[in-house]
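[1] sequence? don't have it. structure:
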């Protein structure tokens with residue numbers, strides 16, 4: 001009898017918990033734990049990696065209905081860093097990113113699809129150097145749960161994709177570096193405490 005009662009109690013608890021786990025949640029990207037890495041080939045001899053800082057963003061994720069999810073991220077182009085000061089300055093100049101006129105890069109999703117356990121296919125509009133082009137990323141859901149320090153709901157994601165930089169009007173030295181740039185994005189996001197309490 002006790003075993004049956006225990007089984008019934010556990011079953012009831014799981015049914016109560018299911019809507020909470022499946023509901024859509026909107027998270028704010030944490031700029032201190034978010035970064036964009038880009039990799040390009042240098043004449044085929046090496047693969048150089050640089051980084052950009054994420055300044056803001058948001059993620060709405062619904063595990064039950066991934067198609068209702070969305071992502072928006074903004075990166076600061078003056079944060080570009082490939083580890084060589086002179087090269088950093090050149091990348092910010094008019095013949096590359098032209099940071100003075102185009103200080104940010106943005107991505108806004110247009111489609112999210114489930115792609116297997118812990119994976120998503122993400123499509124959206126990527127704007128760099130004042131030009132917007134469609135971009136596709138394969139996303140890994142790293143972790144979703146309570147943040148141990150913030151004590152609020154949190155989520156972490158990695159995303160990987162490849163873009164063609166001449167599509168964005170950046171054609172300088174494509175004969176040296178090639179046109180393709182690999183992008184690797186990793187970030188954490190959380191529900192602000194005031195919003196978490198309101199829920």
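    Okay, I see it. Values in this document were obtained by computation on a predicted structure and should not be read as measured data. Numbers count the residues shown, from 1 in each chain.

[2] residue 50 contacts residue 80, correct?
    Yes - the pair residue 50 / residue 80 is scored as a contact, 6.1 Å apart, by Cβ atoms under 8 Å. Yep, even glycine has a C-beta here, placed from its N, CA and C like the rest.

[3] who touches both of those two?
    Listed as contacting both residue 50 and residue 80 by Cβ atoms under 8 Å, 6 or more residues apart in numbering are residue 91.

[4] more neighbours, the two?
    residue 80 (23 against 19; other Cβ atoms under 10 Å).

[5] correct me, but the more buried one touches residue 97?
    Yes - counting by Cβ under 8 Å, residue 80 touches residue 97, with 6.6 Å between them.

[6] find residues that contact each of those two.
    The contact lists of residue 80 and residue 97 share residue 91, where a contact means Cβ under 8 Å, 6+ apart.

[7] where does the chain dip in pLDDT?
    1-22, 195-199 (pLDDT under 70).

[8] if we go to 80?
    1-22, 194-199 (pLDDT under 80).

[9] quick one: the strands in it?
    In order along the chain, the chain carries the following strands (DSSP state E): 25-42, 46-61, 70-81, 104-114, 119-128, 131-146, 153-164, 180-190.

[10] will you turn those into JSON lines that also has distance to residue 172?
    Formatted as JSON lines, the strands of the chain follow (distance: least, Cβ to Cβ, whole Å):
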{"stretch": "strand 25-42", "distance to residue 172": "12"}
{"stretch": "strand 46-61", "distance to residue 172": "15"}
{"stretch": "strand 70-81", "distance to residue 172": "14"}
{"stretch": "strand 104-114", "distance to residue 172": "17"}
{"stretch": "strand 119-128", "distance to residue 172": "14"}
{"stretch": "strand 131-146", "distance to residue 172": "15"}
{"stretch": "strand 153-164", "distance to residue 172": "14"}
{"stretch": "strand 180-190", "distance to residue 172": "13"}
